[in-house]
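Engineer: mind looking at a prediction? Sequence and model below.
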Amino acid sequence: MTSSETSSQVSSPAAQDNTTSLLTKVAEKPPLGWNSFDAWDSRVTEEDYRKTVDFMAENLLEHGWEYAVIDYIWWNPEPGAYNTKDSYVRRVGHPNIRLNEDGSMKYPEAVTLDEYGRLQPAPERFPSSAGGKGFKPLADYVHSKGMKFGIHIMRGMHRQAWYLDTPIKGTDKTARDIGKFNDHAGWLNNMFGIDQRNEGAQEFYNAMFEQYAEWGVDYIKADDMMGSCGAPFHSYFAGEIEMMRKAIDNSGRPMVLSLSCGEAPIAHANHLEKNANMWRVSADFWDRWEDLSRSFQLLDKWSPFIGGGTWPDADMIPFGRLSLDDRPHGKERMSKFTTDEKYSLMTLFSMARSPLMIGAELTTTPMEEIKTFFKNDEVLYVNQNSTNNRQIIRVDQETDKKGDKDAYYAAWYAEDPANGDKFIALFNLGSKAKEVGFKFEMEDMRGAYKVRDLWAQKQIGEAEVKFSVELPPHGAGLYRFSRIPGSSEAWVPPTGKRKHNNQ
């Protein structure tokens, strides 16, 4: 059965008509927040998390950064502990679980379940969850700070629920009636998928999201839903996406639904818009120029689907301190992006209106970096409020007229719906400093404009006909163009010579 056939068979009213879905009650603007993965892999603890929430509330919340998300395997007391430097499969610390020959768990204590096979936070890492409280005490703490609480989940049920054949709440069905044995992510062996055609499947997801609503969850990052997911293209699980969407609506609690991993297949763009608030357009994104360079192509491709409460997601921002204790990706380090590359990333993600999710260990990240890249309200305004966002120039691997073989550059355009101002972002994608610009005629801009540098937060002059700046290698600039009242609307040719109206 193809993905499209699956989608047509299980399409729910909520999936087809957004006016009845809680999808429209959240993410009116791209979500801003933090996720634990880039720093802690699967090992974040309640203590780590609370310290981060406190830091965000004190330093970032006033600038719009409101979501704090616990990433994967929060149900395991010590995920990846046996994958040591001396003996590991896949990578050091990877949270695969060890299995018996029949596929059951060798160490069932590595998962925390309730009587209905629903995953629970491990009290060893999240002490406030003890006694069956789940994440509610922690969510309450986040809400007390004026912030929003998020968790990562994997598609399906934990394999231990399948082996125990746990009952499905509210039905006479059990886990083995709906679980697909050995249907797990290409990069993680913890979970089995759900067969949406079987009775009890929707009820299983309903029970999961009922619990999340009781806990006070505001944001769900659902993984293994689409894209490559650690292997050649894995699948697009339309049926399970729709069951999650319907389960959120049935829960009565608005929750952001963010789908991973990527690259998302653009053939399913309309389905994604109907069922999710965010979806990953990239594979896992790290502090490498090649990842950022690839994002220019991906965000260009997805730009027609920006807005309306749904947001193509370029993945987390790998600035600051990453990969603590050499997990999950490379050595523990401060981000390898150069300062200029950081300007390019934040400029591109803002102009493409990607959700912005910081991945760093924030308390040891330099405050100057946090101030520069996460507290510039003029740049964040573009991400949160601009419209008509699109790439207008990109030159890849092409020699310019002067024979420069490093002539890579790009430009993006957007508008301010509040006053008609234009936003222009210019990028030097090459390895040498160069002048990058655009001609006003490309966007039918008439007259003269005041130009404001949004990163520097200052006016830098006026421009007519064209605008250009010198940019360092892999650098970027972001500018607001405000039309000067009374300036001529007559078309001006690129030479700068004014064309008379009678010509």
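Structural biologist: Great, that's in hand. None of the values given here were measured: they were computed from a predicted structure. Residues are numbered from 1 along each chain as shown.
Engineer: which residues of the stretch 401-503 of the chain score low on pLDDT?
Structural biologist: Within the stretch 401-503 of the chain, the segments meeting pLDDT under 70 span 401-406, 490-503.
Engineer: try it again at 50.
Structural biologist: 496-503 (pLDDT under 50).
Engineer: with adjacent residues omitted, what lies nearest to residue 126?
Structural biologist: Closest residue to residue 126 apart from its sequence neighbours, by CB to CB, 6 or more residues apart in numbering: residue 46 at 4.4 Å. To be clear about C-beta, it is placed using only N, CA and C from the backbone, and glycine gets the same treatment.
Engineer: residues contacting that neighbour?
Structural biologist: Going by CB atoms under 8 Å, 6 or more residues apart in numbering, residue 46 touches 125, 126, 127, 128, 138.
Engineer: burial count for the first one?
Structural biologist: Just to be clear, that refers to residue 125. 24 (other CB atoms under 10 Å).
Engineer: same check, this time on the last one
Structural biologist: Other residues within reach of residue 138, judged by other CB under 10 Å, total 25.
Engineer: residue 261 versus that one, what's the distance?
Structural biologist: Using CB to CB, to the nearest Å, residue 138 is found at 25 Å from residue 261.
Engineer: please apply the same query to residue 148.
Structural biologist: For residue 148, the distance to residue 261 - CB to CB - is 22 Å.
Engineer: for residue 34, pull up the helix or strand it's in.
Structural biologist: Per DSSP states H and E, residue 34 falls inside strand 32-35.
Engineer: tell me the helix or strand right after that strand.
Structural biologist: Following strand 32-35 in sequence order, the next helix or strand is helix 37-40 (DSSP H and E).
Engineer: elements contacting that following helix?
Structural biologist: strand 321-322 (3 or more CB pairs under 8 Å, 6 or more residues apart in numbering; DSSP states H and E).
Engineer: could you say what helices and strands the strand it packs on packs with?
Structural biologist: Looks like strand 321-322 contacts helix 37-40, strand 333-334 (3+ CB pairs under 8 Å, 6+ apart).
Engineer: which residues touch it?
Structural biologist: With CB under 8 Å, 6+ apart as the test, strand 321-322 has contacts from 38-39, 287, 329-330, 332-335, 359-361, 364-365.
Engineer: and those, which is closest to residue 26?
Structural biologist: Nearest to residue 26 among the contacts of strand 321-322, counting by CB to CB, is residue 359 at 21.6 Å.
Engineer: how does this protein divide into domains?
Structural biologist: 3-385, 388-483 (automatic domain parsing).
Engineer: roughly how far out does the first one sit from the chain middle?
Structural biologist: Spelled out, that is domain 3-385. 9 Å (CA atoms, centre = their mean, to the nearest Å).
Engineer: for residue 179, grab phi and psi.
Structural biologist: phi -80, psi 140 (degrees, to the nearest 10).
Engineer: so how many other residues sit close to it?
Structural biologist: Residues lying near residue 179 (other CB under 10 Å) number 28.
Engineer: measure the closest residue in space to residue 124 that isn't next to it in sequence to residue 304 for me?
Structural biologist: In space, and not counting its chain neighbours, residue 124 is closest to residue 77: 3.9 Å by CB to CB, 6+ apart. Here residue 77 is placed at a distance of 45 Å from residue 304 (CB to CB).
Engineer: more neighbours: which of these two?
Structural biologist: Between residue 77 and residue 304, counted using other CB under 10 Å, the more crowded position is residue 77 (15 against 12).
Engineer: show me what counts as buried in stretch 288-299.
Structural biologist: Neighbour counts using 16 or more other CB atoms under 10 Å place 289, 291, 292, 293, 294, 295, 296, 298, 299 of stretch 288-299 among the buried residues.
Engineer: fine, thanks again, bye for now.
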